[in-house]
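Mind folding the following:
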Amino acid sequence: MTTVLLIVQILIAIGLTAVILLQRSEGGALGMSGGGGGGGMMSGRGAANILTRTTMFLAAAFFACSIALAVSTRIDAGPGVFDTQLDDVPPSILDLPVEDESPQVPTDG
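As a prediction, this is how the structure comes out:
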């Protein structure tokens, strides 16, 4: 299931990139030359543009697929790092017995 969603996600990303690159730039350089005038997104011409509608549809599909991938990946995954109990943790090197290495007092004799 995750593989199918990942392939769909890649196809949507390619389509979204192609549709965005096909659109004509209005206003140039992200509004650096004083805005785009009256031909923006909210005008009658901008809302009816097929490329704009396709971009909005593909963007919504991209977000929905991203959420589905996140949910699918979490369901397929096992318990997380913080989900393990202390009884399930294997013994570590700190649990090994330690030899008595305290300094010895020299004896005369």
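
so who does the closest residue to Ser66 other than its chain neighbours touch?
Spatial nearest neighbour of Ser66, chain neighbours left out: Gln9 (6.9 Å); criterion: CB to CB, 6 or more residues apart in numbering. C-beta coordinates here come from the backbone N, C-alpha and C atoms, glycine included. Counting by CB atoms under 8 Å, 6 or more residues apart in numbering, Gln9 touches Phe62, Cys65, Ser66, Leu69.

Just say helix, strand or coil for Gln9.
Judged by DSSP: H, G, I helix; E, B strand; the rest coil, the three-state class of Gln9 is helix.

Look up how far Ala59 lies from it.
13 Å (CB to CB, to the nearest Å).

same deal with Pro106?
81 Å.

With neighbour numbers in mind, choose between those two.
When Pro106 and Ala59 are compared for neighbours, Ala59 comes out ahead with 14 against 6, by other CB atoms under 10 Å.

Of all the residues in the helix or strand where that one lies, which ones are buried?
Taking DSSP states H and E as the criterion, Ala59 maps to helix 50-76. For helix 50-76, a neighbour-count test (16 or more other CB atoms under 10 Å) marks Thr54, Thr55, Leu58, Ala61, Phe62, Cys65, Leu69, Ser72 as buried.

ok, Thr54 - contacts?
Taking CB under 8 Å, 6+ apart as the test, what Thr54 contacts is Val19.

tell me the contacts of Ala13?
Phe62.

what about Thr107, which SS state?
With three-state DSSP as the criterion, Thr107 reads coil.

pLDDT wise, what is it at?
Looking at Thr107, its pLDDT is 78.

which phi and psi does it have?
phi -110, psi 140 (degrees, to the nearest 10).

in this structure, what secondary structure element scores lowest on mean pLDDT?
helix 44-48 (a mean of 48; mean pLDDT, DSSP states H and E).

where does the closest residue to Ala61 other than its chain neighbours land in three-state SS?
Once flanking residues are discounted, Ala61 sits nearest to Ile12: 5.3 Å by CB to CB, 6+ apart. Following three-state DSSP, the label given to Ile12 is helix.
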